[in-house]
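1. Take this sequence and fold it.
(one chain, ligands or ions: 1)
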Amino acid sequence: EDIRVYEFAEKLKRPMSDIIKVLFDLGMMMTKNDFLGADEIEILSEEFGVEVTIVDPKDEFNYVQETDEEDPNAVERPPIITIMGHVDHGKTSLLDSIRKAKVTEGEAGGITQHIGAYTIEQKGKAITFIDTPGHAAFSSMRQRGTDITDIVIIVVAADDGVKPQTLEVIKIAKDSGVPIIVALNKMDKETANPDLVKGQMAEHGISPVDWGGDVEFVPVSAKTGMGIDDLLENILLTAEVLELKANPDAPAKAAVVESSLEKGRGPVATVIVQNGTLKVGNNVVCGSSYGRVKALVNENGKQIKEVGPSHTAVVVGLNEVPAAGEIMMAMNSDKEAKEYAHKRYEYERNKELSKSTKSTLEDMTSMIAEGKLKSLKVVLKTDVHGSLEAIRSSLTELRNDEVKIDVISSGVGGITESDVELVSNSENCVLLGFNVRPTGSVKALAKQRNVDIRTYSIIYQLLDDMTGMLTGMMAPKF
Ligand code: GDP
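-> Residues are numbered from 1 along each chain as shown. Prediction:
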């Protein structure tokens, strides 16, 4: 529902200054790239006497086609499971013991790798588990509305009972509306008290089937392996009721559960396929990144040619690291993939620019008071999200009376040609890379455009340098 000021002006065939002036009179300082909200659009359309229908600009780059129609070629697919619970109640142990007991599919000789998800077989039926630390994927997917979990397993240690995080997890699971199974873990312990836990859970709206409720409570021990089979059987029974389906012949649609930049392999993303079959050689788009699938590697470290519904693989061949929760889609051509990725990049970038320039009347007053304020713009790329956040916030704190730092764009992944373009189109802007480097062609472009790329592997050196630059830019004092 956002439209940028200049686009609005173009649509109305009015000079942009008219639009900006009306907004200014209302106490909103906006520049040409800012997005107009629904309220502003309403005010403006009244002011200029036009009728406006609002369409979602996301449609422009939205490559994900959602249909409510049932695909006649859809067949049964395995369930996708997320395990959640209070810290130390045994999530990791449970995931490990299920995996150890059940990973089959002739992976002899393969090296078990942690890739963020894995598939096991129980009596000839597959089950996929999301296996990401802290369940970052679950929350980021929920935020993006691309929830792929079919069943949530809430782990509660039977010797410890319901804890604060258990309550959080109950809320998340209930909100997501997916079926819940409770695993009563650590049943090997003498102090285990399953009835106490059942009572506590029932108090919070999770009532056990054997008490007349609708949630299965399965006693297990991740340590001894007791009850694991029962748990898996319960998952299969629950899945049967859900009638989960996908069409293996459709164009691939997959969700990213984990991603990183790897030495030698470049950007990699672990995906779980939601529909269709993802194949080596497919042209894909994934948020603002795109590429041709160079290799697919499964959780046993084996290269595979394709990956079908509810199954998982590491995708090699993207140009940038996509965020967890992003949707990957196979496209008809390299060109199409690139186009969608670019539209998305532009959208995100403008949104970021808009965020950094949108001001209220109050801000304006202080900005006018700081008349000689200069700003140093920064485009920042890092290898992982952790360092991105750390550097970003340190940079924003680095300012003095005369100069401030504006991080106009930031992201995880290698330094790309688009980054160089962005920097070359902005005044007073530097390109910073942390643990990432530009490739030869990007370097060449940077040289041609006179763009300064600085790369670092130690955060304080980066911050030291930036402080130095700020000092250099300060207006001389007399
Ligand atoms: P997480 O924080 O939920 O991932 O919990 P972990 O899997 O790391 O387990 C926390 C601790 O509980 C570890 O020391 C495990 O060895 C232990 N633990 C997990 N499951 C069991 C179990 O079934 N029985 C016993 N006795 N200990 C367990």
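2. Only C-alpha atoms from now on, for both contacts and neighbour counts.
-> OK.
3. Quick one: the strands in the stretch 1-150 of the chain, in order.
-> With strands called from DSSP state E, counting those that start in this stretch, the stretch 1-150 of the chain shows them at 3-4, 28-29, 35-36, 75-76, 80-85, 117-122, 125-130.
4. got the residues of the stretch 101-250 of the chain near the ligand?
-> Contact residues, the stretch 101-250 of the chain versus the ligand (Cα under 6 Å from any ligand atom): 185-186, 188-189, 221-223.
5. and which of those residues is nearest residue 8?
-> residue 185 (58.0 Å; Cα to Cα).
6. Could you check the pLDDT of the closest one?
-> Note for residue 185: predicted pLDDT of 98.
7. One more: the one 4 residues further on?
-> According to the model's per-residue confidence, residue 189 sits at a pLDDT of 97.
8. Mean neighbour count and mean pLDDT for the strands of the stretch 1-150 of the chain - can I get that in JSON lines?
-> Formatted as JSON lines, the strands of the stretch 1-150 of the chain follow (neighbours: other Cα atoms under 10 Å; pLDDT from 0 to 100):
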{"stretch": "strand 3-4", "mean neighbour count": "18", "mean pLDDT": "78"}
{"stretch": "strand 28-29", "mean neighbour count": "18", "mean pLDDT": "74"}
{"stretch": "strand 35-36", "mean neighbour count": "22", "mean pLDDT": "80"}
{"stretch": "strand 75-76", "mean neighbour count": "13", "mean pLDDT": "94"}
{"stretch": "strand 80-85", "mean neighbour count": "24", "mean pLDDT": "92"}
{"stretch": "strand 117-122", "mean neighbour count": "22", "mean pLDDT": "93"}
{"stretch": "strand 125-130", "mean neighbour count": "20", "mean pLDDT": "94"}
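9. Quick one: the ones you listed as TSV, columns for distance to residue 344 too.
-> Putting these into TSV (distance: least, Cα to Cα, whole Å) gives the following:
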stretch	distance to residue 344
strand 3-4	14
strand 28-29	26
strand 35-36	15
strand 75-76	32
strand 80-85	28
strand 117-122	27
strand 125-130	27
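10. and of those strands, who's closest to residue 436?
-> Nearest to residue 436, of all the strands of the stretch 1-150 of the chain, is strand 117-122, at 26.2 Å by Cα to Cα.
11. and the closest one, which strands flank it?
-> strand 125-130 (antiparallel) (DSSP bridges).
12. Run the chain-centre distance for the partner strand.
-> Between the centre of strand 125-130 and the centre of its host chain there is 22 Å, according to Cα atoms, centre = their mean, to the nearest Å.
13. can you state the direction angle for that strand and strand 80-85?
-> If you take axes from the mean of the first three to the mean of the last three Cα atoms, to 10 degrees, strand 125-130 sits at 50 degrees to strand 80-85.
14. May I have stretch 182-201 as PDB, with CA atoms only?
-> The C-alpha coordinates for stretch 182-201 follow below in PDB (Å, rounded to 0.1, in the frame of the first residue of the first chain):
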ATOM      1  CA  VAL A 182       3.600 -32.700  23.900                       C
ATOM      2  CA  ALA A 183       6.800 -34.700  24.500                       C
ATOM      3  CA  LEU A 184       7.200 -35.400  28.300                       C
ATOM      4  CA  ASN A 185      11.000 -35.700  28.300                       C
ATOM      5  CA  LYS A 186      13.500 -37.100  30.800                       C
ATOM      6  CA  MET A 187      11.200 -39.900  31.900                       C
ATOM      7  CA  ASP A 188      14.200 -41.900  32.700                       C
ATOM      8  CA  LYS A 189      14.700 -39.700  35.800                       C
ATOM      9  CA  GLU A 190      13.400 -40.800  39.100                       C
ATOM     10  CA  THR A 191      12.100 -37.400  39.800                       C
ATOM     11  CA  ALA A 192      10.000 -37.400  36.700                       C
ATOM     12  CA  ASN A 193       6.400 -36.500  37.500                       C
ATOM     13  CA  PRO A 194       4.300 -36.600  34.300                       C
ATOM     14  CA  ASP A 195       1.000 -36.100  36.100                       C
ATOM     15  CA  LEU A 196       2.200 -32.900  37.600                       C
ATOM     16  CA  VAL A 197       3.200 -31.600  34.200                       C
ATOM     17  CA  LYS A 198      -0.100 -32.600  32.700                       C
ATOM     18  CA  GLY A 199      -1.900 -30.600  35.300                       C
ATOM     19  CA  GLN A 200       0.200 -27.600  34.700                       C
ATOM     20  CA  MET A 201      -0.200 -27.900  30.900                       C
END
